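J.: all I have is the shape, not the residue letters:
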Ligand SMILES: *[C@@H]1O[C@H](CO)[C@@H](O)[C@H](O)[C@H]1NC(C)=O
């Protein structure tokens, strides 16, 4: 990028922030800056000075049509200094969607969650809640899920509503008493439910495109097939103490568990399904013999995940795609850049693990979309939650903050990843705590900087982040 064009970018960015600051002043600190109060003052001045002619009066009565007053000096060319998020604003941004529940049931003491958007609107969705045991034994099961949409929010949004109902429908059909039901049976049922739901998404889209619905309804049914989503769903059976984790895509579930020596271990409950996963590469090569170039640079025909819902471009025959592109302005066909010879190349079938939660060992489950894992390893996340459990909030707040050098993004590269020394424990919600520490911890300029841009500039600094933390048998929680 030349100096000229980067200057131009800087100007446009400043412009964006400034106008938001003025017209939606509540988003930013108003200290030492004219923003809203300046606006009021100017309005009063016009009214009070009695210089309002007929058009001015009209403007005054119709606030929405008023031309913005000068807040800065056009002669000097200086705009008022825009403010990024304050510390309080950072806390608000990472915790405004927080939730926390205390089921105290079946060994689950508590669970916390949050979501921080980068895309606007966010493409992440999440699920949490209970449903009656499919074994009809009067127990209550629990479910947690994170859904990371891509190329739109439409698939993730549909999964938020339909994924658990599809899984429940499958489980409800298993009749035998729970002690005779193998993990394989449960896991196969969950896999089938995921596959059935994805087939329904694709079938619904094709049928809608061919039917007599009004155009807008056809498009609403096509969108979840055109967009895509990862799905990570955990289901807990309090009778068998089994935690079943189903993973389609690259969201990740990790169990933190205290072993006999008192050390907390990070036990993976899912493996990221991406073009970097050797088992996935081998599977794809076996399913598509002779198509050696399917996986390149960690991507499957250009997409990072090797399993996903929706994403019809990797699933439908090319002719169907061409037809839908023409008639309904569907997404561009991957050809000729990639060869679509033997679709489908992506599957929604999850890899399922079943883990017994040992009631004699305190443990917790972390579920998160890749926005968190891009900036944190599984062990780092477990260690952070352990610090959150062990350190009383009030105490850590009083710890003195280290002094940091002024920050800019040249320092922000993979080598400047998560640093344990930046850890801070100041949030009452364990999921918010993980997000804060993944984004900079006690390095305030770093976290404020990483949250300062809105869409689209923030997307190269952070992804949508959704986190859930579930505590099993953790004393004090
Ligand atoms: C954090 O994650 C984002 C994507 O979610 C990535 O672009 C960035 O490089 C990561 N930064 C660090 C410091 O790990």
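T.: Perfect, thanks for sending it. Since this is a predicted model, take the numbers as computed values, not measurements.
J.: how about low-confidence regions in the stretch 151-300 of the chain?
T.: For the stretch 151-300 of the chain, applying pLDDT under 70 flags the ranges 178.
J.: is stretch 369-380 anywhere near the ligand?
T.: Yes: judged by Cβ under 6 Å from any ligand atom, stretch 369-380 comes into contact with the ligand at 371, 374, 375. Yep, even glycine has a C-beta here, placed from its N, CA and C like the rest.
J.: which among the residues you listed end up buried?
T.: 371, 375 (16 or more other Cβ atoms under 10 Å).
J.: now the residue in the stretch 151-300 of the chain that the ligand sits nearest to: which helix or strand?
T.: The nearest approach of the stretch 151-300 of the chain to the ligand comes at residue 250, 11.3 Å away (Cβ to the nearest ligand atom). In the assignment (DSSP states H and E), residue 250 maps to no helix and no strand.
J.: residue contacts, the closest residue to it other than its chain neighbours?
T.: Closest residue to residue 250 in three dimensions, ignoring its sequence neighbours and counting by Cβ to Cβ, 6 or more residues apart in numbering: residue 272, at 4.3 Å. By Cβ atoms under 8 Å, 6 or more residues apart in numbering, residue 272 lies in contact with 249, 250, 252, 370, 373.
J.: and residue 142, by the same measure?
T.: Residues in contact with residue 142 (Cβ under 8 Å, 6+ apart) are 103, 106, 108, 128, 129, 130, 235, 236, 238, 470.
J.: from those, which two are the most distant?
T.: Farthest pair in the contacts of residue 142 (Cβ to Cβ) is 128 and 238. Separation: 15.4 Å.
J.: how near is residue 352 to residue 190?
T.: 5 Å (Cβ to Cβ, to the nearest Å).
J.: kindly report the same for residue 426.
T.: Remark: distance between residue 426 and residue 190 (Cβ to Cβ) = 38 Å.
J.: and the two? which has more neighbours close in?
T.: The residue with more neighbours, out of residue 426 and residue 190, is residue 190; 24 against 18, by other Cβ atoms under 10 Å.
J.: scan the contacts of residue 272 and report the most crowded one.
T.: Neighbour counts for these, by other Cβ under 10 Å, peak at residue 249, which reaches 29 neighbours.
J.: the spatially closest residue to that one that is not a sequence neighbour: which element?
T.: For residue 249, ignoring the flanking residues on the chain, the nearest one in space by Cβ to Cβ, 6+ apart is residue 230 at 2.4 Å. Using DSSP H and E, residue 230 maps to strand 228-237.
J.: in that strand, what's buried?
T.: Buried residues in strand 228-237, counted by 16+ other Cβ under 10 Å: 228, 229, 230, 231, 232, 233, 234, 235, 236, 237.
J.: OK, contacts around residue 303?
T.: Counting by Cβ under 8 Å, 6+ apart, residue 303 has contacts 150, 228, 275, 311, 314, 346.
J.: make it 7 Å
T.: Residues counted as contacts of residue 303 (Cβ atoms under 7 Å, 6 or more residues apart in numbering) are 311, 314.
J.: what pairs with it across the strands?
T.: residue 300 (DSSP bridges).
J.: distance check, the nearest residue to residue 264 once chain neighbours are set aside against residue 337.
T.: Sequence neighbours aside, residue 386 is the residue nearest to residue 264 in space, at 4.8 Å (criterion: Cβ to Cβ, 6+ apart). In this view, residue 386 and residue 337 are 46 Å apart by Cβ to Cβ.
J.: the more surrounded of those two?
T.: Neighbours per residue (other Cβ under 10 Å) separate residue 386 from residue 337, with residue 386 holding more: 17 against 9.
J.: so the more buried one, which state does it fall into?
T.: Following DSSP: H, G, I helix; E, B strand; the rest coil, we place residue 386 in the helix state.
J.: average model confidence for stretch 100-120?
T.: Stretch 100-120 comes out with an average pLDDT of 93.
J.: please convert the residues of stretch 369-380 next to the ligand to TSV, extending it with distance to residue 78 and secondary structure.
T.: Output for the residues of stretch 369-380 next to the ligand, formatted as TSV (distance: Cβ to Cβ, whole Å; DSSP: H, G, I helix; E, B strand; the rest coil):
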residue	distance to residue 78	secondary structure
371	36	helix
374	37	coil
375	36	coil
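J.: redo the residues of stretch 369-380 next to the ligand as JSON lines? Include pLDDT.
T.: Listed next are the residues of stretch 369-380 next to the ligand as JSON lines, based on pLDDT from 0 to 100:
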{"residue": "371", "pLDDT": "96"}
{"residue": "374", "pLDDT": "93"}
{"residue": "375", "pLDDT": "92"}
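J.: from the residues of stretch 369-380 next to the ligand, which is closest to residue 299?
T.: residue 374 (15.6 Å).
J.: what's the closest non-adjacent residue to that closest one?
T.: Among residues not flanking residue 374 along the chain, residue 463 sits closest, at 6.2 Å (Cβ to Cβ, 6+ apart).
J.: re the thing from before, pretty sure the residue of the stretch 151-300 of the chain closest to the ligand sits against residue 230.
T.: Yes: at 5.9 Å, residue 250 counts as touching residue 230 under the criterion of Cβ atoms under 7 Å.
J.: need the residues touching each of those two.
T.: Joint contacts of residue 250 and residue 230 (Cβ under 7 Å, 6+ apart) are residue 305.
J.: neighbours of residue 302, how many?
T.: 13.
J.: check the gap between it and the ligand for me.
T.: Distance, residue 302 to the ligand, using Cβ to the nearest ligand atom, to the nearest Å: 18 Å.
J.: got it, and residue 354?
T.: From residue 354 to the ligand the distance is 30 Å (Cβ to the nearest ligand atom).
J.: okay, angle between the longest helix seen in the chain and strand 228-237 too, please.
T.: Ranked by number of residues, the top helix in the chain under DSSP state H is helix 183-210. Orientation note: helix 183-210 sits at an angle of 150 degrees relative to strand 228-237 (axes from the mean of the first three to the mean of the last three Cα atoms, to 10 degrees).
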